[in-house]
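**Student:** for reference, the sequence and a predicted model appear below.
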Amino acid sequence: MRRDMNRDIALLQLGVGRVGAAVVHIIAAQAERWRERYGLNVRYYALADSTAFLTGKQTFLTPEAVRAALLAHENGQRFAEQSGAASHDEWTHVLDGSVEAAGDAARVVVLDCASGDAMAPLLLAARAAGASVVLANKDPLTGPLAQYRALAESEYGGSLHISATVGAGLPILSALAASVASGDTIIEIGARASGSLGFFCDELSRGVAFDQALREAMARGYTEPDPRLDLSGFDVARKLLILARVAGASAELADVQVESLAPQGSEALSLAEFVAAIPDYADHLAARASNARSAGQVVRYVARMRPDGELRALLADLPPEHLLARGAGPDNVFVLRTARYDANPLVIAGPGAGIGVTAGAVVSDLLRAAGVL
Ligand SMILES: NC(=O)c1ccc[n+]([C@@H]2O[C@H](COP(=O)([O-])OP(=O)(O)OC[C@H]3O[C@@H](n4cnc5c(N)ncnc54)[C@H](OP(=O)(O)O)[C@@H]3O)[C@@H](O)[C@H]2O)c1
């Protein structure tokens, strides 16, 4: 884009946690360069945390106000306690205000770095108005199919960008979308799509007991605060559903068959009770891992989609040279087998979680939404 094609973008960002704060920092550091390089003028209209929106009251937040709000948030002061706060219930005013400030809905980009789908109505209204939406948050994409489609397609313009939601920006979703759009036929998608389960299965395969492997995964920060969310396979199931929907499948979350690695009965415990009980689970999955070892194989938690409708997330025994078994513990691996990539499938591998790569993927998607990438 030429420098004289000045383009204003109004940002409305949901979530200023680990990923969201990193996104704000990247945008603050790059805004001047984007102005010079692309004629792109990116400004925040509003930020939201779980308590409220923070707005500039009918105008953009200044970079100083954004910095101060984030600093106060990091120091424990939620937006509801800061000046310029507007309740979540006022989301229509906030969205309308951003469109007015930008002069056109096509210049509004909503960045969802939150969790949960409480803000799905705002995202849907933004897309219906012709604004763009960028998601790190998987929840709005894994609700009912009709909601996914309403986010993906709007007859009024704008666009949806979701590369941070699967593989933390590894280019699997764009490769899949391009493959389908250009008339290729999917034969199978295989994925190792969880950093925490990748590490955990690596440890089990090396003979480490369940309790130690889990403690190590938790200590390294690979798991959710409640590690049962990882062990249940739920997060992998959501990623598989997103892959399937991007591939064109009319699937719902309930269509994914998920094998849980959580010890039986552990779901009934409180988090504190579960953590206290971890040493009792030393033998959990031990026979499974040792049988695989005896057969010269490794255990890996994998997801699989086939065009006949099969959507499965399961613990599999694989030979070490299998494409989904290779690579370091927490890395993600995606194997795309299509009519064009058949004998030799397309393999995309690398870090599939982490704040830096995820925030970077959100910002790249913002630049795509703004039309400069
Ligand atoms: N971390 C990763 O490697 C990674 C990779 C890919 C995708 N993601 C996804 O990225 C998202 C953010 O992850 P994170 O690690 O940054 O999580 P986090 O640190 O827990 O931050 C979540 C943020 O969302 C805010 N929030 C929660 N509910 C909200 C609501 N209804 N409206 C507005 N804001 C709300 C929270 O508000 P408070 O500050 O008030 O609590 C917090 O600022 C999640 O959906 C996660 O699954 C993360």
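**Tutor:** Good, I have the coordinates.
**Student:** so where's this structure shaky on pLDDT?
**Tutor:** Residue ranges of the chain with pLDDT under 70: 1-6.
**Student:** got the domain ranges for it?
**Tutor:** Here the domain parsing of the chain from automatic domain parsing is 7-167+356-369, 173-351.
**Student:** among the ones you listed, which comes closest to the ligand?
**Tutor:** domain 7-167+356-369 (1.8 Å; Cβ to the nearest ligand atom). All C-beta spots, glycine's among them, are computed from the backbone N, C-alpha and C.
**Student:** tell me how far the ends of the closest one are from each other?
**Tutor:** End-to-end distance for domain 7-167+356-369: 12 Å, by Cα to Cα, to the nearest Å.
**Student:** got a markdown table for the domains of the chain, with distance to the ligand and mean neighbour count too?
**Tutor:** As requested, the domains of the chain are exported to a markdown table (distance: least, Cβ to the nearest ligand atom, whole Å; neighbours: other Cβ atoms under 10 Å):
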| stretch | distance to the ligand | mean neighbour count |
| --- | --- | --- |
| domain 7-167+356-369 | 2 | 19 |
| domain 173-351 | 8 | 18 |
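**Student:** test my guess that Gln257 contacts Arg312.
**Tutor:** Yes. Gln257 is within contact range of Arg312, at 4.7 Å (criterion: Cβ atoms under 8 Å).
**Student:** grab the nearest non-local neighbour of Ala292.
**Tutor:** Spatial nearest neighbour of Ala292, excluding adjacent residues (Cβ to Cβ, 6 or more residues apart in numbering): Asp317 at 4.3 Å.
**Student:** let me know the secondary structure of the one you found.
**Tutor:** With DSSP: H, G, I helix; E, B strand; the rest coil as the basis, Asp317 sits in strand.
**Student:** residues contacting it?
**Tutor:** Residues near Asp317 by Cβ atoms under 8 Å, 6 or more residues apart in numbering: 291-292, 295, 297-299.
**Student:** these in helices, which ones?
**Tutor:** Counted as lying in helices by DSSP state H, out of these, are 291-292.
**Student:** of the contacts of Asp317, closest to Glu224?
**Tutor:** Val299 (20.8 Å; Cβ to Cβ).
**Student:** and the most centrally placed residue in the chain, what does it touch?
**Tutor:** Per Cα atoms, centre = their mean, the C-alpha nearest to the average position across the chain is that of Thr165, at 2.3 Å. Shown in contact with Thr165 (Cβ under 8 Å, 6+ apart): 135-138, 141, 173, 239, 242.
**Student:** tell me which element it falls in.
**Tutor:** For Thr165, there is no enclosing helix or strand under DSSP states H and E.
**Student:** helix/strand/coil for the nearest residue to Glu188 once chain neighbours are set aside?
**Tutor:** Excluding its sequence neighbours, the residue lying closest to Glu188 (Cβ to Cβ, 6+ apart) is Arg337, at 4.5 Å. Secondary structure for Arg337, judged by three-state DSSP, is strand.
**Student:** helices - which of the contacts of Thr165 land there?
**Tutor:** Taking DSSP H as the definition of helices, those contribute 173, 239, 242.
**Student:** could you report the distance from the first one to Leu243?
**Tutor:** The reference is to Leu173. 7 Å (Cβ to Cβ, to the nearest Å).
**Student:** now for the two: what residues contact both?
**Tutor:** Val166.
**Student:** picking that back up, which of the contacts of Thr165 sit farthest apart?
**Tutor:** Between any two of these (Cβ to Cβ), the greatest distance is 14.6 Å, for Asn137 and Leu173.
**Student:** show me which helix runs longest in this structure.
**Tutor:** For the chain, the helix with the greatest residue count under DSSP H is helix 18-38.
**Student:** that one packs against which elements?
**Tutor:** If you count contacts as 3 or more Cβ pairs under 8 Å, 6 or more residues apart in numbering; DSSP states H and E, helix 18-38 packs onto strand 7-14, strand 40-48, helix 63-74, helix 355-369.
**Student:** list the contacts of it.
**Tutor:** Surrounding helix 18-38, the residues in contact under the criterion Cβ under 8 Å, 6+ apart are 1, 3, 7, 11, 13-14, 16, 40-44, 47, 63, 66-67, 70, 73-74, 111, 113-114, 136, 164, 355-356, 358-360, 362-363, 366-367, 370, 372.
**Student:** distance between that helix and the chain's centre?
**Tutor:** Centre-to-centre, helix 18-38 and its host chain are 19 Å apart (Cα atoms, centre = their mean, to the nearest Å).
**Student:** also stretch 77-84?
**Tutor:** 27 Å.
**Student:** ok now stretch 205-224, how far from the chain's centre?
**Tutor:** 22 Å.
**Student:** list the contacts of it.
**Tutor:** Outside stretch 205-224, the residues that touch it by Cβ under 8 Å, 6+ apart are 195-196, 199-200, 203-204, 227, 229-231, 235, 263, 278-286, 289-290, 292-293, 298-300, 330, 353.
**Student:** strands of this protein, start to end?
**Tutor:** 7-14, 40-48, 53-55, 85-86, 108-112, 132-135, 160-161, 186-192, 257-258, 298-305, 311-318, 331-338, 346-351 (DSSP state E).
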